[in-house]
Structures are given as structure tokens and as C-alpha cells.
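K.L.:
could you work out the structure for the sequence below:
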Amino acid sequence: MWRLPWRETLDRRILGGRLYLGSTLWAGAHLGLGLLLWGVGAYVHRGGVDPRWLLVTLLLVCVALLVRRAAPGRGLLLGTVVLVVEIVFLGPSSSTPIIYGDLLYAVGAWGRRRLALVAFAIVLVGNALVVVVAGYLLLRGFLVGGLLTLLQLLGLYVLMFTTPAISGLSIREHRLRADLERQRARQIERMAELDRINAIAEERGRMARELHDVIANHLSAVAVQSTAALSMREFDPEVVRRVLGVVRDSSVQGLAEMRRMIGVLRSDDNPDLERVTPRLAEVERLVDTVRRAGLEVTLTESGPSVPLPVQVDAAAYRIVQESLTNALRYADPKQVEVTVERPSVAAVAEEGGRLVLTVENGLPAEGTVVERGDLGAGTGLTGMRERATLLGGTFSAGPVDGRRWRVRAVLPVEPWQG
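P.N.:
Modelled structure (predicted):
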């Protein structure tokens with residue numbers, strides 16, 4: 001919000017915070033105005049009273065004006081005493097009521113809320129007293145000018161006392177609303193920043209899962225085949241050719257998937273995301289790859305080939321891929337059973353269904369129950385669990401009877417719309 005260039009200067013505290021620069025200048029201006037009015041005789045002449053005493057009351061009420069910001073309650077108290085003394089003993093002047101109205105404004109704008117309300121209530125009572133007293137004098141014939149004089153007295157009182165008090169309360173309410181709006185704006189800003197941080201964290205997690213699935217699968221095949229080739233005691237050209245073929249195919253496929261992911265990340269929007277996302281229908285190619293790497297895979301699919309949502313389709317593929325990668329590294333014997341249970345068309349069309357994935361493989365024979373930590377389970381299992389959880393499904397992975405490792409994921413399929 002644009003502010004006047006001298007506004008902050010006037011709001012500066014001086015004398016250790018006891019006064020404000022703006023209040024000091026304001027008091028000086030009123031002192032000059034009061035001296036001018038006193039000089040032209042703008043006061044009620046009362047016999048036996050030296051008019052120079054009005055200069056003392058003027059100085060005191062200007063002192064009260066000095067603390068209108070730092071201590072508005074004390075300033076109003078001092079101003080009230082000065083105004084009463086002047087009216088009762090000296091005869092009212094023109095400057096003191098004007099300055100007193102500014103003290104009422106200061107209490108309404110900067111004083112404590114209870115004090116501001118009490119002062120405003122007293123001002124309203126004063127309004128009623130003016131009407132009652134002036135009306136009584138009018139009825140008794142002591143008020144010269146009749147009803148017009150009554151209205152003039154009431155208007156003068158409202159102008160000098162009621163209007164400043166109302167203005168101060170209005171400024172207070174506007175300031176409170178402005179503070180609330182600023183706090184709300186800061187809260188919205190913090191929430192937006194938290195949303196941005198969460199979005200970045202979610203995107204990083206998603207990319208970490210994708211990179212892990214791509215790299216771990218293909219590089220695991222490369223590592224296993226390279227280890228097999230290096231462990232050969234006698235050179236066998238056919239075996240070496242087969243190993244190099246698997247290594248080449250895994251490397252080419254991994255590079256191709258990396259290029260597709262990088263292309264999606266470089267684009268401004270993601271219209272090609274669905275096109276490059278892997279599908280469960282491509283699981284046959286994945287199975288062929290790990291078979292060539294030396295893993296015996298039995299794939300069993302049940303249920304009709306219904307179209308799946310892109311997120312479910314990709315998650316199912318990645319879960320099978322990561323499970324086969326772990327089996328390629330740890331399974332003993334090198335045999336894996338993959339079961340894909342698709343939901344029925346009627347279930348998906350009406351109320352939704354479930355896609356169930358089960359991957360089982362043997363564990364190394366050690367004579368004891370194999371713990372999950374012995375298999376190096378970490379990022380891969382975490383990524384599979386996150387994929388299933390994000391879709392509202394369930395995931396479990398662990399040894400069964402100490403001899404087999406089972407991965408089971410249940411992914412919900414939302415009903416078709418339309």
C-alpha cells in the first residue's frame with residue numbers, strides 16, 4: 001500500500017519512546033493557533049480574572065497533546081482537568097475545547113479499548129446533558145435565541161467532542177481490520193509456501209521412484225550378467241555372446257526410458273506424460289528381459305484386459321518391475337511366479353474393482369528365517385509401498401515360512417464415468 005513519504009518520519013519515537021515526533025509538531029501547531037486566538041480575544045471575558053491565566057491552561061493542554069500517542073489516557077485526564085478548571089474558574093477559551101477534541105480522538109484511535117469506549121459513553125452522556133440543560137433554559141426563557149440557539153449549542157458540542165470521539169473509534173476499527181488482513185495475507189503466504197514445498201517434495205519423490213525403477217531394473221540385469229561372465233572358469237563364446245546381448249539390450253532400454261523421462265521434464269506441460277508412462281500390458285516384454293538375464297519367470301494373468309487408469313497402470317508395471325529386479329538379485333533358486341488378477345468389466349463399470357499383483361520367489365537357504373534387512377530391502381520396497389499408498393491401495397512384502405519372499409499389492413480401480 002502506498003504511503004505518504006513523510007508518514008514514517010512523523011511516526012518516529014523520540015525521547016526514548018516517551019513522545020512522537022508527529023505529536024510534538026502537532027502540539028506546537030496548536031500552541032501557535034491558541035496564542036493567535038488569545039491575541040485576538042477569542043475567549044469569554046470574566047470579571048476579576050486575568051486573561052493571562054488562559055495562557056497557562058493553553059500550555060498545559062498542549063503538554064497533554066504531546067503524549068496523545070504515547071499515553072493517550074494520561075493526556076485525556078490532564079486535558080479534562082484543564083478544561084474543567086478553565087470553564088469553572090477562568091472562563092472558556094476557543095482553543096482549549098478544540099485541543100480537547102483532539103485528545104478524545106487520540107484516545108479513540110490509540111488508547112485502550114475499554115478507555116475509548118468509556119470516553120465515548122461520557123461524551124454521549126454530555127450530549128444528553130446539553131440537550132436537557134439547554135431545553136430547560138429554553139423553557140424557562142433564559143436561553144436567548146430560542147430553539148435556534150439550542151440547536152447551535154448542540155451542534156457545537158457535537159462538532160468539538162462527539163465527532164472527534166467517533167472519528168477515533170472509526171480509525172481504530174479500520175486499523176484493526178487492516179492488521180487482521182495483514183495477518184491473513186501472511187498466513188496465506190505461508191500456506192502457499194508450504195504448498196510449494198510439499199509439491200516440490202512430492203515431485204522429487206515421484207522422480208526418485210521413477211529413476212530408481214528405471215536404473216535399478218536395467219543395471220541389475222547388467223550387473224548380474226557381468227558377474228556371471230566374470231565368474232566363468234573357461235571362456236565360452238556362446239555364453240559370452242548371450243551375456244553381452246542381455247547387457248546391450250538392458251542398457252539400450254534403460255537409456256531409452258531415461259531419454260523419455262528427460263523429455264517430459266523439459267517440456268512446459270505434460271501432454272506426452274501418458275504416452276511415455278509404462279503400461280501393465282508391457283509386462284511381457286519385461287518378463288522376456290529378465291528371462292534372458294537368467295531368471296525363470298512364470299506369468300499368470302486372470303480376468304479380462306480392461307482399460308486401467310494411467311496412474312494405476314504405471315504403478316502396477318513399476319511394482320512388477322521392481323519385484324523382478326529384486327528377484328534377479330536375491331532369488332534362490334532363480335524362479336519367480338508373477339500373478340496378475342484383473343477386475344471384471346462389470347465391477348469396474350459399476351462400483352470399481354481391485355487389481356491384485358503377487359510376486360513370489362525363493363530365498364537363499366540358510367537354515368534360519370531370512371529377515372527383510374538381510375535382503376537389502378530399502379528404497380525399492382519404499383517406492384513400491386508409496387505407489388500403492390498414493391493410489392489408496394495396500395502393499396505388503398516379506399518372507400513367507402522363511403523360504404519364500406512374497407510381494408503383494410492391491411490397487412483400487414475407480415468405476416468408469418459416463
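K.L.:
which is the next helix or strand following the helix or strand bottoming out on mean pLDDT in the chain?
P.N.:
Least confident helix or strand of the chain, by mean pLDDT, DSSP states H and E, is helix 273-276 with a mean of 47. Per DSSP states H and E, the first helix or strand lying C-terminal to helix 273-276 is helix 283-292.
K.L.:
name the residues that touch the next helix or strand after that following helix?
P.N.:
Sequence-wise, the next helix or strand downstream of helix 283-292 (DSSP H and E) is strand 296-302. Contacts to strand 296-302, defined as CB atoms under 8 Å, 6 or more residues apart in numbering, come from residues 283-284, 287, 290-291, 324, 333-342. From N, CA and C alone the C-beta is placed, and that goes for glycine too.
K.L.:
for those residues, work out which two are farthest apart.
P.N.:
Pro333 and Arg342 (28.5 Å; CB to CB).
K.L.:
higher neighbour count, those two?
P.N.:
Between Pro333 and Arg342, Arg342 has the larger neighbour count (other CB atoms under 10 Å), namely 20 against 11.
K.L.:
and the gap between that one and Leu280?
P.N.:
Going from Arg342 to Leu280 by CB to CB, to the nearest Å gives 9 Å.
K.L.:
same thing with Thr298?
P.N.:
Thr298 sits 17 Å away from Leu280, going by CB to CB.
K.L.:
ditto for Gly47
P.N.:
Taking CB to CB, one finds Gly47 at 109 Å from Leu280.
K.L.:
now swap in Gly75 and tell me
P.N.:
According to CB to CB, Gly75 stands 79 Å off from Leu280.
K.L.:
ok, those two, which is more surrounded?
P.N.:
Using other CB under 10 Å as the criterion, Gly75 and Leu280 rank with Gly75 on top: 26 against 23.
K.L.:
so that one sits right up against Leu60, yeah?
P.N.:
No. At 10.8 Å, Gly75 and Leu60 do not qualify as touching, with contact defined as CB atoms under 8 Å.
K.L.:
now the helices for the stretch 201-350 of the chain?
P.N.:
With DSSP state H, counting those that start in this stretch, the ranges of helices along the stretch 201-350 of the chain come out as 237-266, 273-276, 283-292, 310-330, 345-350.
K.L.:
highest average neighbour count across these?
P.N.:
Counting by mean count of other CB atoms under 10 Å, helix 310-330 has the highest mean neighbour count of these, with a mean of 23.
K.L.:
which SSE is Leu355 in?
P.N.:
strand 353-362.
K.L.:
got the contact list for that strand?
P.N.:
Against strand 353-362 from outside (CB under 8 Å, 6+ apart): 280, 308, 312, 316, 319-320, 323-324, 327, 330-333, 335-344, 347, 393, 400, 403-413.
K.L.:
after it comes which helix or strand?
P.N.:
helix 379-390.
K.L.:
who does the helix or strand just after that next one touch, helix- and strand-wise?
P.N.:
On the C-terminal side of helix 379-390, the closest following helix or strand by DSSP H and E is strand 394-400. Applying 3 or more CB pairs under 8 Å, 6 or more residues apart in numbering; DSSP states H and E, we find strand 394-400 packed against helix 379-390, strand 404-413.
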